[in-house]
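Novice: Sequence and computational prediction follow.
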Amino acid sequence: MAEKHLLDDKTILITGGTGSFGHCFTKYVLEHYHPKKLIIYSRDEFKQFLMSNESPYKENAQIMRFFIGDVRDKERLERAMEGVDYVIHAAALKQVPACEYNPSEAIKTNVHGAMNIIDAALDRDVKKVVALSTDKAVNPVNLYGGTKLVSDKLFIAANAYAGNKDVSFSVVRYGNVAGSRGSVIPFFRDLIARGETTMPITDYRMSRFWISLDQGVELVIKALEEAKGGETFISKIPSFYVKDLAEALLPGCKTVEVGIRPGEKLHEVMVTAEDAPNTLEFDKNYIIYPQITYNDRQIRDPKGKAVEDGFVYSSGNNKEWLTVEQIRALLKTVEEH
């Protein structure tokens, strides 16, 4: 008999569940585990209707639940979390320009929404909460990053509120997923489809991490399996130059440097020098542990290795880089979300 997994016979709620991550996570869980119930919590009834009629959700209708609600609505979250074991918090306002123009809305969803998730999870005796973060929360230079920094701090500190409750709150951090809406791959592909032969590059030095949706999902599963409370999980993934991505998509293309956009960084940073004293390295990931622990469960994994003093994990100083040929091969696997 196969060994029972952590997700088997569990009720799991995914906020922002109709988004690209929600789709991928739900498919992954249905393919690999035997959950009791999967609750898709989101605002858009039409996206929920479309999702409910797609495979493999349609074939698993007996365990799929579609719950219309907003993370801004604490009462609705409390109703949705009744009987829930695990919560994956993927809902966010994440488009940088939209957040800059609508700061109060970004705060309501990304900050107040995080507080509501925490309160509802504690009141409903949820066992594990994993919140999705972003590289933009590290030394933020835009409002979206600022709200996600506050959100991360809230989830880490939530372990203090837990008291004697058997619950852990942890964070998973990664950059733009390859092919995600608003990212550079669909932007370049759209230009190419319109017949453009010159690709605009904001800065020839600009680098990014490469992470697929599947890798993001696997990191969340790892956090569910291993988190004791307050950790930030970060994958070890390769870097690439944006100019090399343009060459991979349109061989021999001309490029023009157009300057960095407001709120944009040259490199994605995942671990800062200030995080280094609390960071351990593992084979496939890093974990940043909380500076302050609130209960006896929050212990560091002894298998981890301390990083050197002043360590920084950035797409610009990475040890692993993708060549143009490797990028081209990976692009064949990238669907736009």
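Specialist: The structure has been received and is ready for your questions. Numbering: from 1, shown residues only.
Novice: what are the ranges of the helices in this protein?
Specialist: For the chain, the helices defined by DSSP state H occupy 20-32, 45-52, 74-80, 96-101, 103-107, 113-123, 143-161, 184-193, 213-226, 242-249, 324-331.
Novice: And Leu245, how close does it get to Val138?
Specialist: Distance, Leu245 to Val138, using C-beta to C-beta, to the nearest Å: 22 Å. Where C-beta positions appear, they are placed from N, C-alpha and C, glycine not excepted.
Novice: just Pro251 next, same as before
Specialist: If you measure Pro251 against Val138 using C-beta to C-beta, the figure is 34 Å.
Novice: With Asn116 instead?
Specialist: Taking C-beta to C-beta, one finds Asn116 at 24 Å from Val138.
Novice: of those two, who's got more company?
Specialist: For Asn116 versus Val138, the count of surrounding residues by other C-beta atoms under 10 Å is larger for Val138: 27 against 21.
Novice: So the more buried one is in contact with His267, correct?
Specialist: No - if you go by C-beta atoms under 8 Å, Val138 and His267 don't touch, sitting 10.5 Å apart.
Novice: so who does the residue nearest the centre of the chain touch?
Specialist: With distances taken as C-alpha atoms, centre = their mean, the residue of the chain nearest its centroid is Leu132 (3.8 Å). Counting by C-beta atoms under 8 Å, 6 or more residues apart in numbering, Leu132 touches 21, 88-90, 92, 171-172, 216, 220.
Novice: Mind putting these into CSV with neighbour count and pLDDT?
Specialist: Shown next, in CSV, are those (neighbours: other C-beta atoms under 10 Å; pLDDT from 0 to 100):
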residue, neighbour count, pLDDT
Phe21, 22, 92
Ile88, 28, 98
His89, 26, 98
Ala90, 24, 96
Ala92, 24, 96
Val171, 27, 98
Val172, 27, 98
Gly216, 24, 93
Val220, 25, 97
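Novice: hang on, the earlier thing: okay, the helices of the chain in a markdown table with distance to Glu308 next?
Specialist: Listed next are those as a markdown table, based on distance: least, C-beta to C-beta, whole Å:
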| stretch | distance to Glu308 |
| --- | --- |
| helix 20-32 | 32 |
| helix 45-52 | 45 |
| helix 74-80 | 42 |
| helix 96-101 | 32 |
| helix 103-107 | 36 |
| helix 113-123 | 32 |
| helix 143-161 | 24 |
| helix 184-193 | 31 |
| helix 213-226 | 23 |
| helix 242-249 | 29 |
| helix 324-331 | 28 |
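Novice: nearest to Thr202, of these?
Specialist: With C-beta to C-beta as the criterion, Thr202 lies closest to helix 242-249 of the helices of the chain, at 7.3 Å.
Novice: If you count contacts, what does that closest one end up packed against?
Specialist: Applying 3 or more C-beta pairs under 8 Å, 6 or more residues apart in numbering; DSSP states H and E, one finds that helix 242-249 contacts helix 184-193, strand 198-201, helix 324-331.
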